[in-house]
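> Okay, here's the prediction I keep looking at, along with the sequence it came from:
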Amino acid sequence: MQRVKNIDYDEDDVYSEEEEYHEEPSYTDEDRESFTALTPVVRAELQESGLQASDKEIEEALWHYYWHVGKSVAYLKNSRTPRPQQPQQGKKDKEKPKSKFDQAAEESAKKAGCMIPFPSTASDWFQGISWSVIPLGIQGELVPAFAAYPRPQLLGGSSKLAKLAEERRKKAAASQAAPAAPSGALGSLDRLSKSKDVKENVLPPTMPEPRKYPIRQKREPTPPPKEPSPEPEEATEDLPDLRASPTEFAKTMATHAAPSQVAEAAETHMDSIFRSSSNEDPFKGPSPDDTVMRAQWHSKGINKHARKPSDGLLIKKTEALKLEPKIKSKGLDVPKLWAEGRASRKSAAAFVVIGHVDHGKSTLMGRLLLDTGAVAQRDIDKYAALLIPHTFVSMLINARRYQKQATELNKSSFALAWVMDTGSEERERGITVDIAQHPFSTLTTDFTVLDAPGHRDFVPNMLAGASMADLAVLVVDANQLESGMKGQTREHILLAKACGLERVVVAVNKLDATTPTAWDENTFQSVRSGVQKLLTSVGFQDPNISFVPCSGLSGTNVVNPAPSTGPTAWVASTSGTILQQLESSPPTSPPEELVKAPLRLQITDVFRGSITNPISVSGRLAAGNVQIGDTVLTQPSGEKAIVKGIEISAEPREWAVAGELVTLHLSDIDPVHLRAGDVLCSVDKPVAIVRNFVAQVTAMEALLPQGVDVHVGRLHVPGSVAALISTVDANGEVVRKKPRVVKGGDTANVKVSLQEGAPLAVGDRIILRSGGSTIAAGQVDRTGS
Ligand SMILES: Nc1nc2c(ncn2[C@@H]2O[C@H](COP(=O)(O)OP(=O)(O)OP(=O)(O)O)[C@@H](O)[C@H]2O)c(=O)[nH]1
């Protein structure tokens, strides 16, 4: 069984600051409901294996594993199954006296008040780890280098879940250590009046979010699923299979065998790695690159029986690539070509889908793509088939939440979301993690959907999406308005505005599940007035906001209008379908000066592609134009690259201009010089590397000289608000110089310092975040070195 979508509305998402810092989890009614439903299931599983557990223990396991029944059962079984004893090597080893160093270390740990014994042997240290059985012959002694720390109680689960659980524990510990302080602006003011450090502008420590993005394999927008995979086995095993299976290396190292056998086993393992059992050439058969390339040939209809690179041609091919003449620019006058074709071109728009976690963003977009023909029904059906193992818990949870939701819909409910959620973590957890991009076209417009994650842990990814979009679609679950307003609905609205978006289409979603009756018009009207207030309070203008009642799951009023009779009869008098609203948004065409300006593109993703396109980057052209053969500069690395190919919406192009979302295939550059957040720019007019800048920002909560994470689209760099220069009024006139604090809602000029140089320019939109919350947003006004 898999845990399905139920991480919404727990303390992680809908929280007040006070609530968040309780050590004991305070369960919501919904948590309690889930406990009531899932505890008997876990108990029954345990009893089948002749094991017992108290309600509290079961609840604790379910809580830690985010309602994942399989993992909870496996953990509880594990904690009740006696661990195999280490083979004893002899009395001598057992009674080996402690070294003086060990004794001193123990003594100092005692003095430090440490209650948890530090593991004294390697096997203690590795207890609870799947490859824990260390051959005695190679065991060493571990001595504490610092005061002992608590061992994690629950192992296994996805790394993300473990991370979330760990964060929750850390926050609880932090709240115990720190004396309770008033929250928000008041709290900051209070701290300010008490703290000398702040007066003297000494910066409090920051915990910057690391700036690391892995280079990814290029992800197909809708990878066609294969056969339904069998249900995971973890929950049915006697001993839980929560941990990754040992690697060949670990198996070699962690065997019970005597040293001679260890050596023999090692040889066998290494043998099996380097020589296949059938003595076959391990490099025979297609390489991963070949496989990708063949898939691409296949999808482009290129002769399937063409010679394959693995047919002994790999070396020749590589040589051919080396000899490949440098791609030359055709020297096209791109601004002229763009201006000439403007009249005949379809309009294009990219929209970011924002909103609180689980309000139905991915499902709505899946529906939009399905009903506009951008994805095939057969793909959705295959996703639905793959999802059958999810249905048990899905039914348990959703059936209680939406009594009226048909069982049939429950079964396939995630299939639509999977069109957008292509990552394994996304599908495992049932939430969107990274920004997903998908093109689709109507008769009038070429659209690009940017599906943003709703969970607050992934706000930086949402920012990356918003920074590439022309407008936003805000999805609000009509049944969960209140929690949405407290959670990411509010933050996403603020961030969308801060990223410069002006137009927003509000999809009032899940109206098929309103109570007491489905498609309740009053519910729609109250959501509409609540969200309207919120949007106008952050600066969105009324004419730029539209509200559409809809259901992404059933598809009502998304592409196809709602039936004009029955419970949806009132829908016709509102603002049309989601698609109509998107199409009626004013076309976005860049001004001519922007197309002629020096090239500038922030890299959103770096992909390793096939042999033909080994390295590609994607992003939105913020300014200028690019054509095949151009030499571009990457900043901050300062390395040059040649553009050997351009794609827009998976179609090859010769050139691209400002405003377009492109994939550029690059050559003559080592991938180490390319990271998401870096900038590609013109060689002649490069974007400067900046360490200090002045920005005009609006504070969302009290802003002090403090450590912050500075976000600019996909880029985020640790830094600090080094000085508060002045507060200003709506016209930019100085109200007060050198304020000690900028109150939430006020606008100020501030000096920001970065820990490392970043490619920034005047006018860039910046977001300042601290401790996982957005504290201010604005624009770069002046840059310094
Ligand atoms: N009844 C009903 N359920 C829906 C509707 N849309 C989505 N759901 C369900 O709501 C849950 C969450 O849907 P998602 O589309 O994954 O939500 P999301 O907002 O994309 O979630 P994140 O991307 O993780 O923020 C799933 O169980 C969906 O089946 C709808 O219109 N009606």
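Cool, the structure landed. What you see is a predicted model, and the numbers here were worked out from it, not measured in a lab. Numbering: from 1, shown residues only.

> In three-state terms, how would D512 be classified?
helix (DSSP: H, G, I helix; E, B strand; the rest coil).

> What distance do you get for it to S362?
Distance, D512 to S362, by CB to CB, to the nearest Å: 17 Å. From N, CA and C alone the C-beta is placed, and that goes for glycine too.

> Could you count how many residues lie near G745?
By other CB atoms under 10 Å, the residues close to G745 number 12.

> now do the one 3 residues further on
Counted with other CB under 10 Å, the neighbours of A748 add up to 25.

> swap in K77?
Using other CB under 10 Å, K77 has 19 other residues around it.

> Show the pLDDT at it.
With respect to pLDDT, K77 scores 84.

> Help me confirm that it is found in a helix?
Yes: under three-state DSSP, K77 falls within a helix.

> Just the mean pLDDT for stretch 701-715, thanks.
Stretch 701-715 comes out at a mean pLDDT of 91.

> how is this protein carved up into domains?
Taking automatic domain parsing as the reference, the chain has its domains at 36-74, 347-375+419-584, 592-682, 689-783.

> the more surrounded of D512 and S362?
The neighbour count for D512 versus S362, taken as other CB under 10 Å, is higher for S362 (29 against 22).

> could you say what helices and strands the helix or strand the more buried one falls within packs with?
Per DSSP states H and E, S362 falls inside helix 361-371. Where contact means 3 or more CB pairs under 8 Å, 6 or more residues apart in numbering; DSSP states H and E, helix 361-371 is packed against strand 347-354, helix 377-386, helix 407-420, strand 436-441, strand 445-451, strand 471-477, helix 578-583.

> Just the C-alphas of the fifth one, formatted as PDB.
Taking only C-alpha atoms (Å, rounded to 0.1, in the frame of the first residue of the first chain), the coordinates of strand 445-451 have been written out as PDB:
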ATOM      1  CA  THR A 445      -2.700  30.600 -28.700                       C
ATOM      2  CA  ASP A 446       0.300  28.500 -28.000                       C
ATOM      3  CA  PHE A 447       0.300  28.000 -24.200                       C
ATOM      4  CA  THR A 448       3.000  26.700 -21.800                       C
ATOM      5  CA  VAL A 449       1.700  25.400 -18.500                       C
ATOM      6  CA  LEU A 450       4.100  25.800 -15.600                       C
ATOM      7  CA  ASP A 451       2.700  23.600 -12.700                       C
END
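
> Residues touching it, excluding its own?
346-353, 361-362, 365, 368-369, 420-421, 432, 435-441, 465-466, 468-469, 582-583, 587, 649, 661 (CB atoms under 8 Å, 6 or more residues apart in numbering).

> who's in contact with V690?
With CB under 8 Å, 6+ apart, V690 has these contacts: 754, 757-760, 783-785.

> one more time with 10 Å, if that's ok
636, 717, 752-754, 757-762, 764, 780, 782-785 (CB atoms under 10 Å, 6 or more residues apart in numbering).

> Remind me which helix or strand it belongs to.
If you go by DSSP H and E, V690 is part of strand 689-699.

> In this protein, where is pLDDT below threshold?
1-26, 81-169, 171-326, 376-435, 452-458, 484, 486, 587, 609-611, 785 (pLDDT under 70).

> give me that answer again for 50
1-23, 86-95, 105, 108-109, 112-161, 178-244, 246-323, 386-412, 414-415, 418-433 (pLDDT under 50).

> quick one, strands of the stretch 651-785 of the chain?
In the stretch 651-785 of the chain, strands defined by DSSP state E, counting those that start in this stretch lie at 651-653, 655-657, 661-667, 679-682, 689-699, 707-712, 715-728, 734-737, 747-759, 765-770, 773-784, listed in chain order.
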